[in-house]
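S.K.: quick one, what's the 3D model for this:
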Amino acid sequence: MLKYLCVLCLVVCSAGNSLAEDSARRLSLGDAIKLAVEKNLDVRAELYNPAQFEADIQRNKAIYDPLLSLQTSYGETNSASASVLGSPSVKTKELALDASLSQLFWTGGTLAAFFNNAYTSTNASSTLGSYWQTSAGFSLSQPLLKNFGRENTELNILVSRLSKFGSLEHFNSRLVAVVSQVRVEYFKLYSLRETLETRKTSLELARKILSETQARVKAGVLPAMEILNAEFGVASREKDLNDAEKAVRDQVDVINLLLQLPSGGDLLITDAPRRDNYDVKVQEETQKALNRPDIRELKRNLDIAELQTRVYRNKSLPDLTLNASTALTGLDRTYPRDMDKVGTFDYPVWSIGLNLAYPLGNNAADNDYRKSRLKSEQIALQIRSLEESAINDVRTAVRAIAASFKQIEVTDRGRAFAEERLRSFIRKNEVGLATTKDVLDVENDLNTAKNNQVQALVDYNNAITRLWQVTGEVLERDGIRVVEGDADRLYKNIH
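M.R.: This next block holds a predicted model:
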């Protein structure tokens with residue numbers, strides 16, 4: 001009887017601490033989450049998307065880079081004089097050396113400074129013969145209707161910026177999923193280790209029962225059949241132990257891969273799941289869910305669609321452009337003396353005008369606008385659908401928390417009842433009122449009750465994690481904050 005009571009103490013005591021090797025790594029939940037954020041390959045790869053959009057932003061800003069243009073040309077012409085038939089042909093040689101510097105402005109207009117040099121040599125009697133002509137001035141081209149304004153000019157810049165913000169929200173969503181997965185896998189390993197300890201205790205008890213049974217059969221107190229029952233109990237528990245050990249090793253590999261830890265190393269869980277009642281304010285959690293990263297990402301897409309709609313609406317307007325230029329010119333037989341006379345000639349050196357173009361029917365611009373409006377309305381509906389799903393996710397998660405918390409109390413009582421039953425059957429077995437098989441069956445029931453208790457505790461914590469995931473607050477709960485500079489540093493480090 002004393003031996004059974006010693007074994008029973010092993011059965012009913014808590015198996016929270018794993019008997020791991022000295023080489024095992026102790027891992028807290030906080031450390032696991034930190035490692036996942038820093039080293040998980042999926043998370044690191046996702047951060048490259050906003051970094052690429054930063055490259056798009058900088059590339060599209062190049063529209064404001066001043067444009068330097070250099071042009072040169074040379075040509076010769078031979079033509080007969082139209083005034084006197086049979087007269088010698090007129091030979092003309094022309095050389096052009098031109099330069100300009102232009103700048104685009106947010107209004108959509110382009111201002112250019114130009115400096116042109118032209119050399120002309122001809123044998124026509126009515127001209128100077130050979131001379132240089134130089135002109136320097138400014139020209140302006142400004143759209144007044146179509147393509148006017150910052151949004152039209154900087155469309156690609158604004159789209160890239162909004163896309164970058166959207167990709168950061170997508171990165172947040174990916175991070176939420178990974179952190180939630182880490183929490184679930186961490187507590188799964190806790191559950192499997194608890195199961196492993198239960199299997200070890202169960203096997204030890206079965207072996208002691210076998211030893212006692214063999215002794216009692218040898219003494220003639222029990223029939224030989226009881227030895228077979230006890231041996232079967234040991235064999236089945238050895239199988240259960242092997243399965244539990246494999247499950248723990250497999251789960252350790254899952255976490256090592258998730259956290260990018262060296263493969264083959266063992267892990268010791270240091271944080272047990274929480275048991276305290278989690279107070280849920282449904283209204284507050286619902287408001288958080290309506291602002292979670294995937295909804296914010298979709299709203300960024302809506303911003304892009306609405307921006308494109310406004311731009312396409314503008315492109316359906318007539319193309320009315322203001323063109324203006326002013327210049328000082330000079331002419332002389334030698335260069336650069338012609339530049340000394342710049343501005344001394346009495347003829348117009350400025351011009352101003354309007355250019356109007358409008359395609360009859362304008363079907364292309366009209367249908368681009370219609371398609372963009374349809375896309376905006378489609379995304380707005382998708383946002384509404386996602387928001388309604390988020391509200392339903394919160395309600396489901398809240399119910400799961402309440403149900404799993406009640407389940408903890410139920411499984412606590414179930415384990416207590418199972419322990420008492422085992423004590424009772426051990427006493428009955430001592431006086432011959434219960435067989436060895438009866439004791440082993442009741443001990444199996446205790447194992448099930450213990451596993452149910454651990455699983456209820458893990459389910460409760462997973463339900464809390466699920467609530468934090470559907471509300472998007474799991475990062476805040478674990479002290480994780482994503483900023484735009486994370487992607488910018490990745491962009492700047494590329495050479």
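S.K.: and stretch 356-372, which residues are buried?
M.R.: 365, 368-369, 372 (16 or more other CB atoms under 10 Å). Glycine gets a C-beta too; all of them are placed from N, C-alpha and C.
S.K.: quick check: mean pLDDT across it?
M.R.: Mean pLDDT, computed over stretch 356-372, is 92.
S.K.: what about it, start to end distance?
M.R.: 26 Å (CA to CA, to the nearest Å).
S.K.: what's the burial count for the nearest residue to Gln181 once chain neighbours are set aside?
M.R.: The shortest distance from Gln181 to any non-neighbouring residue, by CB to CB, 6 or more residues apart in numbering, is to Leu258 (6.8 Å). Leu258 has 20 neighbours, counted by other CB atoms under 10 Å.
S.K.: returning to that earlier point: among the buried residues of stretch 356-372, which one sits closest to Arg183?
M.R.: Ser372 (41.5 Å; CB to CB).
S.K.: ok, the closest one touching Ile304?
M.R.: No: assessed by CB atoms under 8 Å, Ser372 is found out of contact with Ile304, at 10.0 Å.
S.K.: what segments of the stretch 151-300 of the chain are strands?
M.R.: With strands called from DSSP state E, counting those that start in this stretch, the stretch 151-300 of the chain shows them at 267-269.
S.K.: what's Leu41 in contact with, if anything?
M.R.: Gln260 (CB atoms under 8 Å, 6 or more residues apart in numbering).
S.K.: tell me the pLDDT of it.
M.R.: Reading off the model, Leu41 has pLDDT 94.
S.K.: who's Phe114 bridged to?
M.R.: Beta bridges link Phe114 to Ser100, Gly137 when assigned by DSSP bridges.
S.K.: now for it, how many residues are close by?
M.R.: Phe114 has 17 nearby residues by other CB under 10 Å.
S.K.: domain ranges for the protein?
M.R.: The chain resolves into domains spanning 2-11+19-39+157-302+376-492, 68-79+87-156+320-363 when parsed by automatic domain parsing.
S.K.: most tightly surrounded among those?
M.R.: domain 2-11+19-39+157-302+376-492 (a mean of 17; mean count of other CB atoms under 10 Å).
S.K.: related to what we said a few turns ago, so which of the buried residues of stretch 356-372 are in helices?
M.R.: Counting by DSSP state H, the part of the buried residues of stretch 356-372 found in helices is 365, 368-369, 372.
S.K.: gap between the closest residue to Val474 other than its chain neighbours and Leu268?
M.R.: Sequence neighbours aside, Trp468 is the residue nearest to Val474 in space, at 3.9 Å (criterion: CB to CB, 6+ apart). According to CB to CB, to the nearest Å, Trp468 and Leu268 sit 25 Å apart.
S.K.: and for Arg150?
M.R.: Counting by CB to CB, the gap from Arg150 to Leu268 is 59 Å.
S.K.: how about Ser173?
M.R.: Applying CB to CB, the value for Ser173 to Leu268 is 31 Å.
S.K.: can you check Ala463 too?
M.R.: From Ala463 over to Leu268 (counting by CB to CB), the distance is 25 Å.
S.K.: and if you look at Leu168?
M.R.: 36 Å.
S.K.: what helix or strand is the residue nearest to Val474 located in?
M.R.: helix 436-471 (DSSP states H and E).
S.K.: how far off centre is that helix?
M.R.: 34 Å (CA atoms, centre = their mean, to the nearest Å).
S.K.: could you do stretch 153-168 as well?
M.R.: 16 Å.
S.K.: who touches stretch 249-257?
M.R.: 27, 32, 182, 185-186, 188-189, 192, 261-263, 265-267.
S.K.: ditto for stretch 99-110
M.R.: So stretch 99-110 is contacted by 63-64, 66-71, 111-116, 140-143, 147-150, 152-154, 322 (CB under 8 Å, 6+ apart).
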